[in-house]
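Chemist: Structure for the following, please:
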Amino acid sequence: MKIGIDRMAFATTNEYIDLRELAKVRGVDPNKYTIGIGQDQQAVVPPTQDIVTLGAAAARKLMTKQVGDHLSTIIVATESGVDNSKASAINIKELLGLNDYVRAVELKEACYAGTAGIQFARGLVALHPQETVLVIATDIARYGLQTAGEVTQGAGAVAMLISATPHILAIEPTSVNLTKDVMDFWRPLYATEAMVDGKYSTNVYVDFFKQVFTRYQMMTGRQFNDFAGLIFHLPFTKMGKKALEGALGDRHDQVATRLRTALTASQLYCRQVGNVYTGSLYLALLSFLQNRQVNAGDRLGLFSYGSGAEGEFYTGIVQPHFLDHTNDVQAMLQKRHQVSITEYEDMFNHQLGMDEQDVEFDLSNDHAPFVLAGQKNHQRIYKRQ
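Modeler: Residues are numbered from 1 along each chain as shown. Here you go, the predicted model:
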């Protein structure tokens, strides 16, 4: 039985900043951001958007009556949860108007949780092949203004349908996991911004990739030449380059060139959106599929990483007519509105965050399909528009 990703869609905010402008305001050489980190633009989050509204907006693009009739479960993967108890999947289920017999849960393990959601979904579909599972990887990356991590912020959501009739990627059975207790990145319950040891985290990421890929090779006998592309979790695009170059070494043959070209294609959307945590690997997958010549039957390798730390390498086979089952991400990104650095800072400072006060937001400037209207009696208020 084939089980895998049937359809995919991406959503982000309607606002962004140019990181060259941020570099000027911060007194930094723009090349440090665009070359050293590998980022060009960054999604900006207005107070009226959060992981629930973004996740619902991405999932809405996949919803049809047929999907709704066969949907059994919603799995939301996030490290930007809005409640320590209630799953954001329930809020999304309500915004989408789905029936009450849909299971809804939330997963957490830093940026890895989206992959965990896919693997759990595969198990559910294997038990009930007639059912479909919706996996949503939705996050807002916050490190704080004028911090070292500011340039690696971002926001967005990738929604994926997992079924026994996948039209995008049929996931192969062999995968390799690696779990270690590592303090490279974390966010205590009392904090709205993450804490990170950037250089250490990058080193752990590269080491995890080498370990899981080497073990995968030992288990399967497959080598680099068996892949049309290797897709990486990209909190910033230079990170994927470090992992690939660390594995390829000084190879410059045809296979190495193919993998480097594939990496460049996978980086394009991440360069324009920034870090979307649990969704970063799958935004990279969308970018690769939509910006590279890909053929049905091609094998792709996917490296998922979540600080703390969890890594996994797994593979999938590209299906015929896969592009017909994705949304046009580049067209969506081109419709966004660039804001000034002052406007970005104002929006950053007016997020609902962990404030317990009642708040009512002005919704007149937000034309997204779903909005966060505010908070009353310690409850977030969501609305369809």
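Chemist: how deep is residue 68 tucked in, by neighbour count?
Modeler: Using other CB atoms under 10 Å, residue 68 has 15 other residues around it. In short, each C-beta sits where N, CA and C put it, glycine included.
Chemist: Where in the chain is the helix or strand with the lowest mean pLDDT?
Modeler: Within the chain, no helix or strand scores below strand 195-196, which has a mean of 86 by mean pLDDT, DSSP states H and E.
Chemist: Note down every partner strand of that strand and its orientation.
Modeler: In the sheet, strand 195-196 lines up against strand 185-186 (antiparallel) (DSSP bridges).
Chemist: which outside residues touch the partner strand?
Modeler: Outside strand 185-186, the residues that touch it by CB atoms under 8 Å, 6 or more residues apart in numbering are 110, 194-197, 201, 307-308.
Chemist: Just the buried ones among those residues, please.
Modeler: Neighbour-count burial (16 or more other CB atoms under 10 Å) applied to the contacts of strand 185-186 gives 110, 194, 196, 201, 307-308.
Chemist: What is the nearest of the contacts of strand 185-186 to residue 154?
Modeler: Distance to residue 154, by CB to CB, is smallest for residue 194 among the contacts of strand 185-186, at 12.3 Å.
Chemist: who's in contact with that closest one?
Modeler: Counting by CB under 8 Å, 6+ apart, residue 194 touches 141-143, 149, 185-187.
Chemist: Residue 230 too?
Modeler: Neighbour list for residue 230: 244, 259, 262-263, 300-303 [criterion: CB under 8 Å, 6+ apart].
Chemist: secondary structure element for it?
Modeler: Assigned by DSSP states H and E, residue 230 falls within strand 229-232.
Chemist: could you give me the average pLDDT of that strand?
Modeler: When pLDDT is averaged along strand 229-232, the result is 98.
Chemist: Now secondary structure too, for the contacts of residue 230, in JSON lines please.
Modeler: Shown next, in JSON lines, are these (DSSP: H, G, I helix; E, B strand; the rest coil):
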{"residue": "244", "secondary structure": "helix"}
{"residue": "259", "secondary structure": "helix"}
{"residue": "262", "secondary structure": "helix"}
{"residue": "263", "secondary structure": "helix"}
{"residue": "300", "secondary structure": "strand"}
{"residue": "301", "secondary structure": "strand"}
{"residue": "302", "secondary structure": "strand"}
{"residue": "303", "secondary structure": "strand"}
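Chemist: Which among these count as buried?
Modeler: Neighbour-count burial (16+ other CB under 10 Å) is assigned, among the contacts of residue 230, to 244, 259, 262-263, 300-303.
Chemist: so which of these comes closest to residue 35?
Modeler: Closest to residue 35, out of all of the buried ones among the contacts of residue 230 and judged by CB to CB, is residue 263, at 15.3 Å.
Chemist: Now for the closest residue in space to residue 328 that isn't next to it in sequence, how many residues are close by?
Modeler: Once flanking residues are discounted, residue 328 sits nearest to residue 290: 7.5 Å by CB to CB, 6 or more residues apart in numbering. Number of residues near residue 290 (other CB under 10 Å) recorded here: 19.
Chemist: Please report the distance of residue 290 from residue 269.
Modeler: 8 Å (CB to CB, to the nearest Å).
Chemist: what is in contact with those two at once?
Modeler: With CB under 8 Å, 6+ apart as the test, residue 290 and residue 269 both reach 329-330.
Chemist: For the residue lying closest to residue 32 once chain neighbours are set aside, pull up the helix or strand it's in.
Modeler: Excluding the flanking residues, the one nearest residue 32 by CB to CB, 6+ apart is residue 23, at 6.8 Å. Assigned by DSSP H and E, residue 23 belongs to helix 19-26.
Chemist: Show the residue spans covered by the helices in the protein.
Modeler: 19-26, 30-31, 51-60, 65-70, 88-96, 113-127, 198-220, 237-248, 254-273, 280-291, 329-334, 341-349 (DSSP state H).
Chemist: where does the stretch 251-385 of the chain have low pLDDT?
Modeler: Of all residues in the stretch 251-385 of the chain, none has pLDDT under 70.
Chemist: again, only using 90
Modeler: In the predicted model, the stretch 251-385 of the chain carries pLDDT under 90 at residues 353-356.
Chemist: Could you measure from the spatially most central residue of the chain over to residue 285?
Modeler: Nearest residue to the geometric centre of the chain (CA atoms, centre = their mean): residue 279, 0.9 Å. Look at residue 279 and residue 285: by CB to CB, they are 10 Å apart.
Chemist: wait, isn't residue 59 in contact with residue 138?
Modeler: No: judged on CB atoms under 8 Å, residue 59 makes no contact with residue 138 at a distance of 9.1 Å.
Chemist: Mind listing the shared neighbours of these two?
Modeler: Contacts common to residue 59 and residue 138, judged by CB under 8 Å, 6+ apart, are residue 157.
Chemist: Those two: which has the busier surroundings?
Modeler: Using other CB under 10 Å as the criterion, residue 59 and residue 138 rank with residue 138 on top: 34 against 31.
Chemist: That'll do, ta.
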